[in-house]
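*Asks:* I need the structure of the sequence given here:
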Amino acid sequence: MTHLWWVRHGPTHEKAFVGWRDVPADLSDKAQIARVAAYLPKDAAVISSDLLRARQTADAIAGPRRRLPERADLREFNFGDWDGLGFDEVAAMSPDLSRRFWEEPGDLAPPNGESWNAVAARVSDAVADLCQQSMARHIVIVAHIGVIMTQIQRATHAPAYAAMGHQINNLSVTDMRIDGDNWAIGRINHLP
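*Replies:* Sure, this is the predicted structure:
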């Protein structure tokens with residue numbers, strides 16, 4: 001059995017779409033970072049997306065845990081042409097697509113970006129690879145809201161729209177256990 005501990009990276013304070021744009025995390029809340037680090041299993045391996053905000057957060061909470069190399073396949077959604085634009089700006093530019101992207105997650109994608117199904121497949125493949133290659137029983141994965149939501153869908157067998165309804169705060173922990181093909185979800189969006 002593998003126990004995954006998903007941690008959403010620290011806040012970026014961006015008021016726009018942030019997908020593959022490499023923006024830093026605000027890690028000034030040292031008390032919250034210390035609580036997250038103390039909550040996670042001491043014998044866990046720590047891995048993150050290769051984006052700066054996830055790498056910085058993983059480094060901040062890793063402590064003495066084994067740090068695995070970052071992975072690009074754990075990145076947030078690629079929002080394509082929407083990345084860096086405000087939500088109202090995107091809604092004005094693409095009213096139908098921007099509404100349907102959130103209400104009908106599946107194969108719809110922003111121009112030059114990724115769909116929910118593409119991200120879910122990419123991240124699911126990364127998790128399968130991690131579970132197969134890692135000798136750790138506990139793996140802390142520092143990633144992004146969309147990435148975590150795709151795995152909530154996987155663990156709960158819920159529709160994508162329902163998985164998107166979960167609140168996933170910055171520096172929150174969501175845990176899942178995998179035993180072969182069986183997934184079980186623990187706490188979602190836990191703020192230690």
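*Asks:* which SS class is Asp73?
*Replies:* Using DSSP: H, G, I helix; E, B strand; the rest coil, the structure places Asp73 in helix.
*Asks:* count of neighbours near it?
*Replies:* Residues within reach of Asp73, counting by other CB atoms under 10 Å, total 16. Bear in mind the C-beta positions are built from the backbone N, C-alpha and C, glycine included.
*Asks:* Return the distance of the closest residue in space to it that isn't next to it in sequence relative to Ala16.
*Replies:* Spatial nearest neighbour of Asp73, excluding adjacent residues (CB to CB, 6 or more residues apart in numbering): Ala126 at 4.0 Å. According to CB to CB, to the nearest Å, Ala126 stands 26 Å off from Ala16.
*Asks:* Would you mind telling me which of these two has the busier surroundings?
*Replies:* Applying other CB under 10 Å to Ala126 and Ala16 shows that Ala126 carries more neighbours, namely 21 against 17.
*Asks:* would that one count as being in a helix?
*Replies:* Yes - counting by three-state DSSP, Ala126 is located in a helix.
*Asks:* which residue ends up closest to the midpoint of this protein in space?
*Replies:* The centre of the chain sits closest to His144, judged by CA atoms, centre = their mean, with a distance of 2.8 Å.
*Asks:* Any figure for the gap between that residue and Ile47?
*Replies:* 13 Å.
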